[in-house]
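Chemist: output the structure for:
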Amino acid sequence: MFSEFFYVLKNNGLEVSMTEWLTLMEALDKGLADSNFTSFYNLCRTILVKSEADYDKLDGAFLEYFQNIKEEKLNMDEINKWLHNDAEDAKQTNPEMYRDMRTEREAKEVHRKFRERLGEQHTEHNGGNYWIGTGGGSEFGKDGHVAGGIQLGDKAGMKTAFAVLGERRYKDFRRDTKLTMRQFQVAFKQLRQYSRKMDLPKTELDIDKTVDSTCNQGGYLKLEFEQPRKNSVKLMLLFDSGGSMYPYMELCNQLFQSVDKTNHFKDVKTYYFHNCIYAKLYKSPECNSGDWVDTTWAFKNYDKEYKVIIVGDAGMAPEEYLDKNGNYSGPNGGLSGHEWIQLFKQKYPHCVWLNPSYHAAASSMYWMESEKLIGETIDMYPLTVDGLKAGIKKLMNENA
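Modeler: Prediction:
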């Protein structure tokens, strides 16, 4: 019974054990679904889903099996066969071709044309200007020279592509999803544990103690109160702005807005940088010359009790990061980016780096050397639900 549904669940990424499946079958035999589709759905969610992070997987399986509505997926195995050609003569090295000048409206048009092209193409193509393939001037494929298109395969031809097809963008509560403003706010609430209790009468409702006391009294409500807390957390937010961070602008704005709307902090300071922290911290995301403060001034005026969250993709070239003259957009202050990062960590021991394009295997990739080196100095986490929670936990560790 429903054996095909079992495999649909597995194919949608839901880890269903045989014990769980047999438990579902037993529940159906006992009529616990009440011959009702909604009840059956709720029964499946109760038995088969271990975490809210898997709700979306179950929903996708239901849509596919019972309504024949499959989430649009690309045949990446077939496309990757077309993109196997890594010949050097298929690559273009003119830097002017790498400049991304597309607007958001033009990006949507690129996506529309990609879907249209995908329906037309049935064979491999390389070096041209129209079909999906390698090299050439097409907006779709691998190792081409058109900025702002759609890159495919395991390595980007250009960092500024609007979209990377072939990897699933998870939704809702999935733990590896890019964060929403609400998820930011929930994570930041954990920092409230830093808040200092004030020497005042117990006037703030203690939910946990209230629940415990009510249960201990057989369900008779007993309210428990605690002393109110005073916000004592001082937070410094530093955002990488411009260049390869363009695709993450909305995500960074959500983080900023969530901090701006919350009341869990005694003080919040926000600054910007381009690629790496150097001698200047910019006051606005435009990173205009002169609109800055000295990094050493920040060291003197913001004490080490500040919790620091740095957001950036660490995507600079190794020579830019390691050379004392590597900063081409502002003053270096006689130090390399690597040296400034080390100084920053020394000043602010409670410091984490959130990376929207985090690479777990950065240590084995030469072109990710900067990310690797930064991660060796400042604890780096992916900018996902789990990554932010881990970063917040690190900031809350007084022994860090």
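
Chemist: quick one: the helices in the protein, in order.
Modeler: Applying DSSP state H to the chain gives helices spanning 3-11, 18-29, 37-48, 55-66, 76-82, 104-120, 181-188, 207-216, 249-261, 295-301, 318-322, 337-347, 369-377, 385-395.

Chemist: pLDDT weak spots in the chain?
Modeler: For the chain, applying pLDDT under 70 flags the ranges 1, 52-53, 67-183, 186-200, 229-230, 262-264, 362-367, 398-400.

Chemist: export the helices of the chain to TSV and append columns for distance to residue 242 and mean neighbour count.
Modeler: All C-beta atoms are positioned from the backbone trio N, CA, C, and that covers glycine. Below are these laid out as TSV (distance: least, Cβ to Cβ, whole Å; neighbours: other Cβ atoms under 10 Å):
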stretch	distance to residue 242	mean neighbour count
helix 3-11	41	15
helix 18-29	48	14
helix 37-48	43	16
helix 55-66	33	18
helix 76-82	31	14
helix 104-120	16	12
helix 181-188	22	17
helix 207-216	44	12
helix 249-261	9	16
helix 295-301	18	14
helix 318-322	14	17
helix 337-347	15	18
helix 369-377	16	20
helix 385-395	23	19
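
Chemist: of those, which is nearest residue 239?
Modeler: Closest of the helices of the chain to residue 239 is helix 249-261, at 5.4 Å (criterion: Cβ to Cβ).

Chemist: touching, residue 23 and residue 46? I think so.
Modeler: No. Look at residue 23 against residue 46 with Cβ atoms under 8 Å: they stay out of range, at 9.8 Å.

Chemist: looking at the helices of the chain, which is nearest to residue 285?
Modeler: helix 249-261 (8.3 Å).

Chemist: tilt between the closest one and helix 385-395?
Modeler: With axes from the mean of the first three to the mean of the last three Cα atoms, to 10 degrees defining the directions, helix 249-261 sits at 50 degrees from helix 385-395.

Chemist: tell me what helix 249-261 is packed against?
Modeler: Helix 249-261 sits against helix 181-188, strand 234-240, strand 267-273, with contacts defined as 3 or more Cβ pairs under 8 Å, 6 or more residues apart in numbering; DSSP states H and E.

Chemist: any idea of the angle that helix forms with strand 267-273?
Modeler: Per the same axes, to 10 degrees, the angle that helix 249-261 makes with strand 267-273 is 160 degrees.

Chemist: can you get me a residue count around residue 288?
Modeler: 11 (other Cβ atoms under 10 Å).

Chemist: what sits against it?
Modeler: Going by Cβ atoms under 8 Å, 6 or more residues apart in numbering, residue 288 touches residue 282.

Chemist: quick check: residue 317 vs residue 276, distance?
Modeler: To residue 276, residue 317 is 11 Å away according to Cβ to Cβ, to the nearest Å.

Chemist: more crowded one of the two?
Modeler: Shown here are residue 317 and residue 276; by other Cβ under 10 Å, residue 276 has more neighbours (22 against 13).

Chemist: mind listing what the nearest residue to that one once chain neighbours are set aside touches?
Modeler: Excluding the flanking residues, the one nearest residue 276 by Cβ to Cβ, 6 or more residues apart in numbering is residue 337, at 3.6 Å. Going by Cβ under 8 Å, 6+ apart, residue 337 touches 275-278, 316, 320-322, 326-327, 370.

Chemist: dump these to a markdown table, plus distance to residue 306.
Modeler: Shown next, in a markdown table, are the contacts of residue 337 (distance: Cβ to Cβ, whole Å):
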| residue | distance to residue 306 |
| --- | --- |
| 275 | 22 |
| 276 | 19 |
| 277 | 14 |
| 278 | 19 |
| 316 | 25 |
| 320 | 27 |
| 321 | 24 |
| 322 | 27 |
| 326 | 26 |
| 327 | 24 |
| 370 | 24 |
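
Chemist: so which of these is the closest to residue 228?
Modeler: Comparing the contacts of residue 337 against residue 228 with Cβ to Cβ places residue 277 closest, at 36.7 Å.
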